[in-house]
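Asker: Fold the following, please.
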Amino acid sequence: MLENATPRTRVFEAPGLFEQTIAEGSENSTVNPMRVYIAPGERVHIRVSAERLNRERGTDASGAQTSHLFCLLHKGEMAFRNQIQVVP
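Answerer: Next up is the predicted model:
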């Protein structure tokens with residue numbers, strides 16, 4: 001889950017993470033670099049592609065992995081350069 005608790009629209013990207021989506025009416029999935037558009041106060045569920053996930057040495061016993069996350073629209077705002085935890 002990714003939540004935008006700010007009053008501004010955000011476009012979050014996490015280098016190295018890929019989002020897996022399935023188009024409505026289709027059984028086939030597509031995998032693209034993760035880029036999430038999220039309105040103020042909105043919460044979205046993101047399906048990260050496990051096949052494209054690069055396991056790092058720092059991954060804990062549960063398989064959770066932390067990656068960097070930032071807003072493409074507001075790159076200068078250091079407060080919005082954060083981390084996202086991917087949990088299997």
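Asker: sec struct for the residue in the chain sticking out farthest from the centre, please.
Answerer: Within the chain, the residue lying farthest from the chain centre (CA atoms, centre = their mean) is Gly25, at 23.9 Å. For Gly25, the assignment made with DSSP: H, G, I helix; E, B strand; the rest coil gives coil.
Asker: Spatially nearest residue to Thr21, not counting backbone neighbours?
Answerer: In space, Thr21 comes closest to Thr30 once its chain neighbours are excluded; the distance is 5.6 Å by CB to CB, 6 or more residues apart in numbering. C-beta: built from backbone N, CA, C; applies to glycine.
Asker: now the one you found: how far from Ala23?
Answerer: Between Thr30 and Ala23 the computed distance is 7 Å (CB to CB, to the nearest Å).
Asker: Looking at those two, which is more packed in?
Answerer: Counting neighbours by other CB atoms under 10 Å for Thr30 and for Ala23 shows that Thr30 has the greater number, 12 against 9.
Asker: OK, contacts around the more buried one?
Answerer: Counting by CB atoms under 8 Å, 6 or more residues apart in numbering, Thr30 touches 20-23.
Asker: go with 10 Å
Answerer: Applying CB atoms under 10 Å, 6 or more residues apart in numbering to Thr30 gives the contacts 18-23, 49.
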